[in-house]
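Peer 1: I would like the atomic coordinates for the input below:
(one chain, ligands or ions: 2)
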Amino acid sequence: MTINMFHRRDFLAAAAAPFYVQAIAGPRAMAQAPTAAHPGLIVRQQEPMNLEFPFSSLDSFVVPTERFYVRNHFAMPQLAAATWSLEVTGAAARPFRIGYEELRRLPSVTRTVTFECAGNNRVALVPRERGVLWGSGAVGNAEWTGVPLAALLERAGLQGTAVEVVLEGADEGAVNEDPRSPGPIHFARGLPIAKARQDVLLAYRMNGRDLTPAHGFPVRAVVPGWYGMASVKWLTRIVAVERPFQGFYQTLDYAYWERPAGLPTLRPIGEMDVKASIARPAAFEVIAAGQPYRVHGAAWTGEGDITQVEVSTDGGATWAAARLLGERVPHAWRLWESTWAAPVAGRHTLMARATDSRGRTQAMRRDLDRRNYMISHVLPVLVDAR
Ligand SMILES: Nc1nc2c(c(=O)[nH]1)N[C@H]1C(S)=C(S)[C@@H](COP(=O)(O)O)O[C@H]1N2
Ligand SMILES: [Mo]
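Peer 2: Numbers count the residues shown, from 1 in each chain. Ligands and ions are numbered 1, 2, ... in the order given. Just a heads-up that it's a prediction; the model follows:
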């Protein structure tokens, strides 16, 4: 791979255009080589382990487990199925504890669900923002099998006063950079009761096999339509609470500004924005001038379906509809493609823009209220035709 070299000239040219709030060094420029242990993934961080799917290699609707991105905040806990249990407690009439085998005997469902890390594409933000510098591969689509969370909440007899359930993982650590955690904490997130009852899974299988340790073995949550941080891995406790949870990962981290009545208010990140991402051409790919080129990628949204993807090969001046591939699958991404008939020799700026069934379309510019997360504005990909 030699596409990680870029020239200052390119950087200045890119910086001149208004929507280039991004670093144009592609993902590879910042990364270490894939390790022997994870040959298909880009290492963004060794400890805790953070691995990125090389998005330009996207070639299937479902991402194989060994190539699905990994996002960890702490060292991975090593849990054994035989000793693992999940406690369901808090504002509930019948709190209980359930073991692995018992959970697996409950009626299960299988769903194909896409989730994206809320920090995906952070490398594109200029100036640089806090957090792992992901390229475009902190997103994936997989087939998850598990027990509907609703069934366990039913069994626990949730009190009518409960407003959220807090999902807590077994992983634990202290965040020692600002904003600091109050000593060691677990990774935990609050989920509104309505969403918890609607379609959340407690998954124990991914792509037809038991979860791997990196993806949350023995049991993780899968929260369709929400950014990845909601899908808590290594789940060991569910606590029904009577006030919205104000934990670290939805106040000091994973929160963004909303402005109800002009009052800037921090909100926990939840539902995913609509977004299209280009797999090929990759950043600074050299393509053949005068030859048809298959531009392709994936598009996803929160609640709703992708209804349109448009592609521009001239920096956003004109747009053409892409073909949506396959069938609509609720809460899964939609692959798309578009034929670029005859690229003329020279530098081109490609863009893709998605629209969903709720009429949401990607913004052309970065919304600073999103802080270091939810990077869903239209991102350009520069290519050279020769
Ligand atoms: N217990 C626990 N759950 C977690 C995390 C974590 O660090 N600990 N990371 C979250 C984040 S930010 C994301 S994006 C997804 C990533 O899931 P994956 O590693 O299976 O891709 O897991 C979420 N669940
Ligand atoms: Mo994430």
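
Peer 1: which of the residues in stretch 286-297 are buried?
Peer 2: I287, Y293, V295, H296, G297 (16 or more other CB atoms under 10 Å). For the C-beta atoms, the positions are set from N, CA and C on the backbone; glycine is no exception.

Peer 1: Output stretch 57-66 as PDB, nothing but the C-alphas.
Peer 2: Below are the C-alpha coordinates for stretch 57-66, written out as PDB (Å, rounded to 0.1, in the frame of the first residue of the first chain):
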ATOM      1  CA  SER A  57     -12.400  -3.700   1.300                       C
ATOM      2  CA  LEU A  58     -16.200  -3.800   1.800                       C
ATOM      3  CA  ASP A  59     -17.400  -6.600  -0.400                       C
ATOM      4  CA  SER A  60     -20.400  -8.200   1.400                       C
ATOM      5  CA  PHE A  61     -23.600  -7.200   3.100                       C
ATOM      6  CA  VAL A  62     -22.600  -9.000   6.400                       C
ATOM      7  CA  VAL A  63     -19.100  -8.200   7.700                       C
ATOM      8  CA  PRO A  64     -17.300 -11.400   8.700                       C
ATOM      9  CA  THR A  65     -16.700 -11.500  12.400                       C
ATOM     10  CA  GLU A  66     -12.900 -11.500  12.100                       C
END
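
Peer 1: If you drop the residues flanking it in sequence, what lies closest to A352?
Peer 2: Once flanking residues are discounted, A352 sits nearest to A276: 4.0 Å by CB to CB, 6 or more residues apart in numbering.

Peer 1: Pretty sure that neighbour sits against G297.
Peer 2: Yes. The pair A276 and G297 passes the contact test of CB atoms under 8 Å, sitting 6.2 Å apart.

Peer 1: joint contacts of the two?
Peer 2: Residues touching both A276 and G297 by CB atoms under 8 Å, 6 or more residues apart in numbering: V309, W336, A352.

Peer 1: pLDDT below threshold where in the stretch 251-386 of the chain?
Peer 2: Counting by pLDDT under 70, the stretch 251-386 of the chain contains no low-confidence range.

Peer 1: Which parts of it are strands?
Peer 2: Taking DSSP state E, counting those that start in this stretch as the criterion, the stretch 251-386 of the chain carries its strands at 255-258, 265-268, 275-280, 286-287, 293-300, 306-312, 320-321, 323-324, 334-340, 346-356, 381-385.

Peer 1: TSV for these, including distance to D367?
Peer 2: As requested, those are exported to TSV (distance: least, CB to CB, whole Å):
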stretch	distance to D367
strand 255-258	9
strand 265-268	13
strand 275-280	13
strand 286-287	32
strand 293-300	18
strand 306-312	20
strand 320-321	25
strand 323-324	26
strand 334-340	24
strand 346-356	15
strand 381-385	21
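
Peer 1: L51 is in contact with A138, correct?
Peer 2: No. Using CB under 8 Å, A138 is not in contact with L51; the gap is 9.2 Å.

Peer 1: before we move on, back to that, which of the strands of the stretch 251-386 of the chain is buried the deepest?
Peer 2: Compared across those, strand 275-280 shows the largest average neighbour count, a mean of 24 (mean count of other CB atoms under 10 Å).
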